[in-house]
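Participant: Here is the input, now give the coordinates:
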Amino acid sequence: MAIQNTFERYEMKYLISGEQLKRLLEVMEPYTAPDAFPHSQVQNIYYDTDDYRLIRRSLEKPDYKEKLRLRRYGGEGDPVFVELKKKYESVVYKRRICMDRGSAEDLLDGGSCGAAVYGGARGTSLSAGSGPSKTRPSASEPGGQISREIEYFLNYYRGLSPKAYIYYDRDSYAGKNGDLRITFDKNIVCRTDELDLDAGCFGRPILEEGMVLMELKCSAALPLWLTSFLSKEKIYQTSYSKYGSAYCNIIYPALRSAC
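Facilitator: Residues are numbered from 1 along each chain as shown. Predicted structure coming up:
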């Protein structure tokens, strides 16, 4: 299965209880199915400036905001994604390249795009590119549009470095009709030291015990069965951000106490 490297969609977030999740899974069974990667262990390292310019700007809720992260689905040896995520007027644009970890870390440390991973399925062994293409590179190849966007971002925000590790367990479902995708994130934790993907999946919880972060992702309106459930359960959209929550509840208090 080919890797999707560009996304343009609405992303709506909701905090729900474990009991609400159970009821929703029953309601959605006729309309959805587990997607190609139904269970994921998602590891992220967020990059920011020393004064946390990116996340502070994001928390101001501007019309346009952006963030950069290193992401891995799985464990040691799996490929990683360098992801540039932007949001403008409620629409999320995600651009990413799949690379071997060494090339990704070199890029984020101020280098240029090395050997990107071009094809295959997430979480499996993928083959890397072997030298420059004789034709115009695709968007996700070294020298392609996405890599140029990431390099521009790194040059614009000088001095970016790893600031937070965030891990969570994710269950994913896809609509049987249309482009709806539903994800449920549990066990969300963060740490600000040992910012290494191989250091382990541990940290401080940033979500209230028993709660689940649900994300609805689509390019059009939500289906009626889903809006009816949300209305009946009095589940309302939230602007919850994992990195934002980590900054407010863990990073910023630590910075204040150190002053």
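Participant: For stretch 198-215, buried residues please.
Facilitator: By neighbour count on 16 or more other Cβ atoms under 10 Å, the buried set for stretch 198-215 is 201, 203, 206-207, 211-215. Where you see a C-beta, it was placed from the backbone N, CA and C, and this is true even at glycine.
Participant: List the residues that contact the closest residue to R53 other than its chain neighbours.
Facilitator: Once flanking residues are discounted, R53 sits nearest to Y157: 7.0 Å by Cβ to Cβ, 6 or more residues apart in numbering. Neighbouring residues of Y157 by Cβ atoms under 8 Å, 6 or more residues apart in numbering: 49, 53-54, 68.
Participant: 10 Å - rerun?
Facilitator: Shown in contact with Y157 (Cβ atoms under 10 Å, 6 or more residues apart in numbering): 47-49, 53-54, 66, 68.
Participant: got it, and K87?
Facilitator: K87 neighbours (Cβ under 10 Å, 6+ apart): 11, 58, 62-67, 93-94.
Participant: distance between stretch 158-176 and the chain's centre?
Facilitator: Computed by Cα atoms, centre = their mean, to the nearest Å, the separation of stretch 158-176 from the middle of its chain amounts to 4 Å.
Participant: meant to ask about stretch 69-86, not that
Facilitator: Taking Cα atoms, centre = their mean, one finds stretch 69-86 lying 9 Å from the centre of the chain it belongs to.
Participant: What about the contacts of Y157, which one has the most neighbours?
Facilitator: Using other Cβ atoms under 10 Å as the neighbour test, the contacts of Y157 are led by D48, with 24 neighbours.
Participant: just checking, next helix/strand downstream of the helix-or-strand element of the chain with minimal mean pLDDT?
Facilitator: None of the helices or strands of the chain scores lower by mean pLDDT, DSSP states H and E than strand 116-117, at a mean of 48. Using DSSP states H and E, the helix or strand that follows strand 116-117 in sequence is helix 145-156.
Participant: Identify those among the contacts of Y157 that sit within helices.
Facilitator: 53-54 (DSSP state H).
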